[in-house]
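Participant: Dropping a prediction and its sequence here:
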Protein chains: 2
Amino acid sequence: MIHDRMIEVVARRFQVLGEPCRLRILQQLQRGPKTVGQIVTELAGTQPNVSKHLQILFDAGLVGREREGNSIFYSIADPMVFKLCELVCRSTARRAARVQRIASFRGPRIRTRRAAASSIRGGN
Amino acid sequence: MIHDRMIEVVARRFQVLGEPCRLRILQQLQRGPKTVGQIVTELAGTQPNVSKHLQILFDAGLVGREREGNSIFYSIADPMVFKLCELVCRSTARRAARVQRIASFRGPRIRTRRAAASSIRGGN
DNA sequence: GATCTATATGAATGTATAATTATATAGTTA
DNA sequence: TAACTATATAATTATACATTCATATAGATC
C-alpha cells in the first residue's frame, strides 16, 4: 500500500523508464560506465538529445556521473532497473503466449453476456 | 539483454504505469474487482477519464474486465505491477536517504574536478 | 419499444515532452 | 590567451497525451 504523495514519485520513475531511448542508454551502461560521446556513437543519436536523456536519468537517480578530464562518464546508479525490465519481459512473454491462444479481441462493446461469462480475466 | 523490438514493448509498459491516475486505479483494484462507477467515486475523477485510463490498462494487459449485467468489473490481470511498485518504492527510499545525506546538487557544470573525484555515483 | 443506468467513444483543448538547431560552458592543449 | 574537444543548455517545433464535454452504445426495466 502506497502513500498518495509516493504515487506521484513512483509514477515519475516509471515515466522516466517509459522511453525507448532511455532504456537503450541504460542497457548500454549495463556493461559499464561510458562517456556521452560513446553513447551517442553507439546509439546513433544526436549529442544534445542523448545528453538530455542522460540528464533526466540522472535527476531520477538512475545513473551517476563523474567527470574525467574533458569527458563525463555515466554509469548505472540503481541496478533495480534491470530487475524491473526482467519482470516486465517475463510478464510480456506470458501475455504474448496468451494472446496467441485467444486471438485479438476489441472490447466489451462487441461482447455478448455469454462471451463475458466464459472468458477469463485479462482476456485479450 | 533485450531485443531491440522488445525495448519498445517494455518502454510502453513503463509508460502505461507512469501515470499517477492509473497507479491509483491499480492500487484500488488490488483489493479486488471493482466497477467503473466504484472507481470513479473513490477516485473522485470524471467517468470518461477513468474509462479511458482503464482502456489503456486493459490494452496493456494489466487489467481484465467482465461484464455483469449493466456494470463492468475490472480486476488486476497481472500482479507483477505490485512487485514493480515495491521495487521502485524500496529504491526510492534508499535514494531519499542518500539525498538527505548529500544535499542538493545541480550538475557537472558547477562541479570542480576535485568535487567530481570525491563524489560517489548517483550523487545528488 | 421507451426509458433508465452504466460505460465507452469522439472531438476539442491544453499541456508535457522528444527531437532538432544553435549556442554556451568546462576543461585541455598549444 | 586562443583554439580545440566534450558536454550541457536554450529556443523552437512537432507530437503525444490527459482532460473535459458531449454523445453513442449495451444491457436492464418498465
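Facilitator: Nice, thanks for sending it over.
Participant: Give me the phi and psi for the residue positioned nearest the centre of chain A.
Facilitator: With distances taken as C-alpha atoms, centre = their mean, the residue of chain A nearest its centroid is A:Leu17 (3.7 Å). Main-chain dihedrals, A:Leu17, degrees, to the nearest 10: phi -80, psi -10.
Participant: nearest residue to it other than its sequence neighbours?
Facilitator: With C-beta to C-beta, 6 or more residues apart in numbering or on different chains as the measure, B:Phe14 is the residue that lies nearest to A:Leu17, at 4.0 Å, once sequence neighbours are left out. Where C-beta positions appear, they are placed from N, C-alpha and C, glycine not excepted.
Participant: Tell me how many other residues crowd the one you found.
Facilitator: Other residues near B:Phe14 number 23, with proximity taken as other C-beta atoms under 10 Å in any protein chain shown.
Participant: wait, it sits on A:Arg22?
Facilitator: No. In this structure B:Phe14 lies outside contact range of A:Arg22 using C-beta atoms under 8 Å: 9.4 Å.
Participant: Flag the shaky bits of chain A, pLDDT-wise.
Facilitator: Along chain A, the model assigns pLDDT under 70 to residues A:1, A:99-124.
Participant: just the strands in it please.
Facilitator: Applying DSSP state E to chain A gives strands spanning A:34-35, A:63-68, A:71-76.
Participant: Turn these into a markdown table, columns for distance to B:Arg95.
Facilitator: As requested, the strands of chain A are exported to a markdown table (distance: least, C-beta to C-beta, whole Å):
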| stretch | distance to B:Arg95 |
| --- | --- |
| strand A:34-35 | 22 |
| strand A:63-68 | 11 |
| strand A:71-76 | 13 |
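Participant: of those strands, which approaches DNA strand C most closely?
Facilitator: strand A:63-68 (6.0 Å; C-beta to the nearest atom of the strand).
Participant: For that closest one, buried residues please.
Facilitator: A:Val63, A:Gly64, A:Arg65, A:Glu66, A:Arg67 (16 or more other C-beta atoms under 10 Å in any protein chain shown).
Participant: Packing partners of that strand?
Facilitator: The contact analysis (3 or more C-beta pairs under 8 Å, 6 or more residues apart in numbering or on different chains; DSSP states H and E) places strand A:63-68 against helix A:20-29, helix A:47-59, strand A:71-76, helix B:113-118.
Participant: who wins for proximity to B:Ala97 among those?
Facilitator: Smallest distance to B:Ala97 across the helices and strands packed on strand A:63-68 (C-beta to C-beta): 17.4 Å, for helix A:47-59.
Participant: ok now the closest one, how far from the chain's centre?
Facilitator: For helix A:47-59, the separation from the chain centroid amounts to 15 Å (computed by C-alpha atoms, centre = their mean, to the nearest Å).
Participant: Report whether the longest helix seen in chain A contacts chain B.
Facilitator: The longest helix of chain A (DSSP state H) is helix A:80-102. Yes. Residues of helix A:80-102 contacting chain B under C-beta under 8 Å from any C-beta of the partner chain: A:Met80, A:Lys83, A:Leu84, A:Cys85, A:Leu87, A:Val88, A:Cys89, A:Arg90, A:Ser91, A:Thr92, A:Arg95, A:Arg98.
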